[in-house]
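Colleague: Fold the following.
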Amino acid sequence: MSETNTNSAGPADQAEGSDPRSTGGLEERLAALETELADVRGKYLMTLADYQNSQRRAVQNEAVAKDHGKGAVIQQVVAVMDHFDIALQQDATKMTAEQAVAGLRVIRDELMRVLQSLGVATLSPSRNDEFVPGRHEAVVQQAAEGVEPGRIVQTLQAGYTLAGPTGDRVLRPAKVMVAPNG
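Modeller: From the prediction side, this is the model:
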């Protein structure tokens with residue numbers, strides 16, 4: 001009887017070899033899961049680093065684009081400044097007031113062309129136009145003959161808009177005189 005017990009494997013030995021939940025099987029499974037976890041953790045850290053790098057590059061690219069945009073605007077404005085400098089170098093004693101005003105108009109027109117090329121438009125409503133809050137700023141109320149109540153009597157200062165992909169954005173509303181309501 002003792003021979004059969006010593007030669008054959010006991011129930012505990014059979015379970016250990018064939019049961020995946022045995023200590024040997026669990027250790028192998030645990031090692032495989034730890035390897036898989038380390039692999040996933042490494043991929044996560046790589047992905048996180050890639051994301052952070054792309055965010056940093058996006059911020060840098062945005063800054064560079066803004067600088068290039070500013071540079072393009074400045075180049076156009078500097079050309080207008082050159083004309084102001086030339087005008088200021090003229091001998092004032094040899095020029096009439098009409099010539100000076102004409103020169104200023106030429107320079108102003110050149111500056112407006114630069115602004116228009118950048119998408120800027122003038123807001124200068126006419127007499128009896130509808131008052132539109134946000135586009136117009138009422139600074140004075142004054143009745144005027146032929147102007148309906150709540151409508152524009154006069155533009156005191158032009159406003160400006162900037163054309164964009166979603167429509168015009170008011171940079172500065174036009175300052176206007178408005179006829180009082182009733």
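Colleague: Please report phi then psi for Gly134.
Modeller: phi 100, psi -40 (degrees, to the nearest 10).
Colleague: go on, the one 3 residues further on?
Modeller: According to degrees, to the nearest 10, the main-chain angles of Glu137 amount to phi -120, psi 120.
Colleague: again with Val120
Modeller: For Val120, the backbone dihedrals are phi -90, psi 140 (criterion: degrees, to the nearest 10).
Colleague: Does it have any beta-bridge partners, and if so which?
Modeller: Beta-bridge partners recorded for Val120 (DSSP bridges): Leu162.
Colleague: got a list of what it touches?
Modeller: With Cβ atoms under 8 Å, 6 or more residues apart in numbering as the criterion, the residues that contact Val120 are 160-163, 171. C-betas here are computed from N, CA, C, even on glycine.
Colleague: Need the buried ones from those residues selected in PyMOL.
Modeller: Only the buried entries of those go into this PyMOL selection, using 16 or more other Cβ atoms under 10 Å:
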select buried, resi 160+161
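Colleague: Just send the contacts of Val120 back as a markdown table, with distance to Ala32 too.
Modeller: Converted to a markdown table, those look like this (distance: Cβ to Cβ, whole Å):
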| residue | distance to Ala32 |
| --- | --- |
| Tyr160 | 68 |
| Thr161 | 65 |
| Leu162 | 61 |
| Ala163 | 62 |
| Leu171 | 64 |
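Colleague: contacts for stretch 131-141?
Modeller: With contact meaning Cβ under 8 Å, 6+ apart, stretch 131-141 is reached by 123, 125, 150-152, 156, 159, 161, 170, 173-180.
Colleague: all helices of this protein, in order?
Modeller: In the chain, the segments counted as helices under DSSP state H are 2-7, 11-18, 23-88, 97-117.
Colleague: what would the ones you listed look like in JSON lines with mean neighbour count and distance to Glu137?
Modeller: What follows is the helices of the chain, written out as JSON lines (neighbours: other Cβ atoms under 10 Å; distance: least, Cβ to Cβ, whole Å):
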{"stretch": "helix 2-7", "mean neighbour count": "7", "distance to Glu137": "105"}
{"stretch": "helix 11-18", "mean neighbour count": "10", "distance to Glu137": "88"}
{"stretch": "helix 23-88", "mean neighbour count": "11", "distance to Glu137": "26"}
{"stretch": "helix 97-117", "mean neighbour count": "13", "distance to Glu137": "20"}
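Colleague: Can you lay out the ones you listed as a markdown table showing mean pLDDT?
Modeller: As requested, those are arranged in a markdown table below (pLDDT from 0 to 100):
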| stretch | mean pLDDT |
| --- | --- |
| helix 2-7 | 48 |
| helix 11-18 | 48 |
| helix 23-88 | 93 |
| helix 97-117 | 94 |
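Colleague: Any chance of JSON lines for those helices, columns distance to Arg135?
Modeller: Shown next, in JSON lines, are those (distance: least, Cβ to Cβ, whole Å):
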{"stretch": "helix 2-7", "distance to Arg135": "102"}
{"stretch": "helix 11-18", "distance to Arg135": "84"}
{"stretch": "helix 23-88", "distance to Arg135": "24"}
{"stretch": "helix 97-117", "distance to Arg135": "18"}
